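S.K.: just to be clear, the model below is a prediction. Sequence and coordinates:
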Amino acid sequence: MKILLASSEVHPYSKSGGLADMVGSLGKALAGAGHRVGIVTPLYFGIRERFSGLKSIQLPLDFPLGVHRVRGEVWSLDPAPGLTIYFVDQPGYYQRADLYQRFLEEIRGYVRLADELGFAGYCQPEHHLQIEGFEANNHPGMFSLFVGQHSRRMKAGIMGYTLPTHNPVRVAEEIATLDHMLKGRLYVGFTRGYHARWVDSYAAVKGVGATTPNNAKARDEQDSFNREVFEESLQIIKKAWLNDVFSHHGKHWQFPANGGSAGHPAYAAYGKGMDATGMVREIGIAPHCFQSPHPQIYGGFAGSMRTVDFWAREGGKPIVLSGDLDFCETLANRYTAVANASGHQVAKEDAIAWGGFLMLTEDKNRAAQLMAEHTWFWDKWFIPHGQRMPNVLIGSAAEITDRIGAAHDRLKFNELFLMFGQGHLEPQENSQELHDFINKVAPKFSVKAPDGTLV
């Protein structure tokens with residue numbers, strides 16, 4: 001029998017939900033049973049680049065659509081005996097500029113809802129060159145300003161600037177400016193960068209590259225170089241925040257460059273940093289941070305004791321997304337001990353922020369579907385980068401309450417960091433999950449402050 005299927009998405013070529021898996025599996029099963037199967041689907045951006053076997057079948061399309069005519073082409077691929085995928089190539093529909101607009105519209109809705117419900121902050125990471133669409137967030141500062149524009153009370157969280165790809169003085173100045181624009185509704189994290197394609201392309205120091213958990217475990221040269229640049233960059237940022245003017249002469253960065261820069265009469269009359277010979281020997285940023293002395297610093301997703309020691313010395317709070325409470329407790333105790341030895345008095349409840357990926361549903365079958373969706377996302381994107389799947393908070397409100405309660409009893413944390421299905425689950429599902437968490441889980445652990453924030 002000849003069978004023709006049509007679908008807006010087909011795994012592994014395109015996917016935003018379970019439909020792609022179903023159609024892809026059905027096509028293979030029918031072809032395996034001896035049928036001749038074709039599947040018609042859009043040729044989305046990036047498919048041709050990822051699947052080099054596509055060929056044009058020389059079938060031009062020309063159809064009336066309202067008062068206009070729409071033209072396109074058809075490309076094909078034969079992934080299995082008896083199975084052909086027909087890709088409809090129409091860039092005006094399937095390689096659209098409005099996809100990023102849809103992303104922004106969804107974020108706007110989540111931010112407004114989270115602000116209304118009482119969440120303390122809304123965070124995004126930094127990633128570039130994301131033509132596949134998995135983590136399309138190009139600029140942490142601009143994104144945080146977007147969050148601030150669409151919220152009244154809630155803070156924007158940068159999680160975070162990937163320091164080996166930035167000039168640290170510029171980052172210090174940008175964060176300070178953003179802190180003023182948001183009038184202190186800001187906290188900031190810093191990361192090292194695990195995604196080679198964009199970290200290598202954006203490297204701020206010649207030769208520095210991405211590092212993965214495997215690099216870190218091996219303590220190889222690539223990881224060491226990345227760590228050196230990262231740690232020196234954070235120290236420069238703090239110098240810029242905490243001093244009117246400063247200089248830095250490190251292994252990877254020199255400020256001012258080359259020991260000094262040409263001066264100007266106004267520097268001597270109205271500023272600082274120029275010596276008697278007319279050379280600039282120190283620089284400073286303007287403005288300094290709105291918050292004193294600067295926004296709260298977080299360590300993005302700490303997983304090693306070396307990283308914990310660094311954040312303890314530098315006053316950054318690690319975010320730990322692990323369900324291994326023995327490991328979490330060891331990490332928190334280590335952080336507290338090193339912080340106290342470094343002159344930062346830290347109570348146990350302030351040692352770490354704990355959390356995981358939220359999958360809240362009262363339906364067991366839906367829980368299995370959610371886990372499958374998130375596992376697909378992780379397997380296809382993060383695991384090949386060397387990342388591990390984070391702690392998963394899955395189940396009913398009662399089950400998730402018990403999980404959080406058990407972790408809190410051990411760790412005493414006062415901040416809960418939750419990831420949710422932004423981008424790969426439907427907006428109404430995500431919004432309902434945020435509602436349910438605030439109404440069914442959060443009251444067990446928190447109360448609303450006068451400004452509406454759950455604390």
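M.R.: Structure's in. What do you need? As the structure is a prediction and not an experimental result, all values here were calculated from the model. Numbers count the residues shown, from 1 in each chain.
S.K.: buried set for the helix or strand where residue 116 lies?
M.R.: Assigned by DSSP states H and E, residue 116 belongs to helix 98-117. For helix 98-117, burial by neighbour count (16 or more other Cβ atoms under 10 Å) applies to 106-107, 110-111, 113-117. Heads up, the C-betas are built off the backbone N, CA and C, glycines and all.
S.K.: check stretch 377-384 too.
M.R.: 377-378, 381-382.
S.K.: which residues sit against the helix holding residue 116?
M.R.: Outside helix 98-117, the residues that touch it by Cβ atoms under 8 Å, 6 or more residues apart in numbering are 122, 133, 136, 146-147, 150-154, 422-423, 427, 430-431, 434-435, 438.
S.K.: how near is the closest residue to residue 14 other than its chain neighbours to residue 90?
M.R.: Among residues not flanking residue 14 along the chain, residue 44 sits closest, at 5.1 Å (Cβ to Cβ, 6 or more residues apart in numbering). Going from residue 44 to residue 90 by Cβ to Cβ, to the nearest Å gives 11 Å.
S.K.: higher neighbour count, those two?
M.R.: The residue with more neighbours, out of residue 44 and residue 90, is residue 44; 20 against 16, by other Cβ atoms under 10 Å.
S.K.: residues in contact with the residue nearest to the spatial centre of the chain?
M.R.: Against the mean C-alpha coordinate of the chain, by Cα atoms, centre = their mean, the closest residue is residue 125 at 2.7 Å. Contact analysis of residue 125 by Cβ under 8 Å, 6+ apart lists 135, 137, 140, 159-160, 191, 300.
S.K.: as TSV, those residues with neighbour count, pLDDT and secondary structure would be great.
M.R.: Rendered in TSV, the data for the contacts of residue 125 read as follows (neighbours: other Cβ atoms under 10 Å; pLDDT from 0 to 100; DSSP: H, G, I helix; E, B strand; the rest coil):
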residue	neighbour count	pLDDT	secondary structure
135	17	84	coil
137	17	86	coil
140	28	92	helix
159	23	92	strand
160	24	90	strand
191	22	94	strand
300	22	76	coil
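S.K.: quick check, nearest of the residues you listed to residue 443?
M.R.: For those, the residue nearest residue 443 by Cβ to Cβ is residue 159; the value is 26.0 Å.
S.K.: which intervals of the protein have sub-threshold pLDDT?
M.R.: For the chain, the stretches with pLDDT under 70 are 16-17, 67, 95-97, 302-303.
S.K.: C-terminal to the longest helix along it, what's the next element?
M.R.: Determined from DSSP state H, the single longest helix within the chain is helix 221-242. Where DSSP H and E defines the elements, the next helix or strand beyond helix 221-242 is strand 248-249.
S.K.: roughly how far is the next helix or strand along the chain from that following strand from the heart of the chain?
M.R.: Using DSSP H and E, the helix or strand that follows strand 248-249 in sequence is strand 254-255. Mean-position distance between strand 254-255 and its chain equals 30 Å (Cα atoms, centre = their mean, to the nearest Å).
S.K.: contact partners of strand 254-255?
M.R.: So strand 254-255 is in contact with 169, 236, 246-248, 283, going by Cβ under 8 Å, 6+ apart.
S.K.: now those in TSV, with neighbour count and distance to residue 409?
M.R.: Formatted as TSV, those follow (neighbours: other Cβ atoms under 10 Å; distance: Cβ to Cβ, whole Å):
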residue	neighbour count	distance to residue 409
169	21	44
236	22	40
246	19	44
247	16	48
248	17	44
283	20	49
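S.K.: can you list those in a markdown table and add distance to residue 21?
M.R.: Output for the contacts of strand 254-255, formatted as a markdown table (distance: Cβ to Cβ, whole Å):
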| residue | distance to residue 21 |
| --- | --- |
| 169 | 47 |
| 236 | 47 |
| 246 | 55 |
| 247 | 57 |
| 248 | 52 |
| 283 | 55 |
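S.K.: verify the stated contact: residue 279 with residue 258.
M.R.: No - Residue 279 is beyond contact range of residue 258, at 10.3 Å (criterion: Cβ atoms under 8 Å).
S.K.: which one's more surrounded, the two?
M.R.: More crowded of residue 279 and residue 258, by other Cβ under 10 Å: residue 279, with 14 against 6.
S.K.: not counting sequence-adjacent ones, nearest residue to the more buried one?
M.R.: If the residues on either side of it in the chain are set aside, residue 279 comes closest to residue 260, at 4.0 Å by Cβ to Cβ, 6+ apart.
S.K.: could you check how far that neighbour is from residue 283?
M.R.: Distance of residue 260 to residue 283, computed by Cβ to Cβ: 10 Å.
S.K.: same deal with residue 320?
M.R.: Distance of residue 320 to residue 283, given as Cβ to Cβ: 36 Å.
S.K.: likewise for residue 398?
M.R.: 56 Å.
S.K.: in the stretch 1-150 of the chain, mark out all the strands, start to finish.
M.R.: 2-6, 36-42, 55-56, 61-65, 68-80, 83-89, 121-124 (DSSP state E, counting those that start in this stretch).
S.K.: could I get the CA-only coordinates of the second one as CSV?
M.R.: Spelled out, it's strand 36-42. Extracted in CSV, the C-alpha atoms of strand 36-42 (Å, rounded to 0.1, in the frame of the first residue of the first chain):
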residue,chain,number,x,y,z
ARG,A,36,5.6,2.5,0.5
VAL,A,37,5.5,5.6,2.8
GLY,A,38,6.0,9.3,2.1
ILE,A,39,6.0,12.1,4.7
VAL,A,40,5.4,15.7,3.7
THR,A,41,6.9,18.3,6.1
PRO,A,42,8.3,21.8,6.0
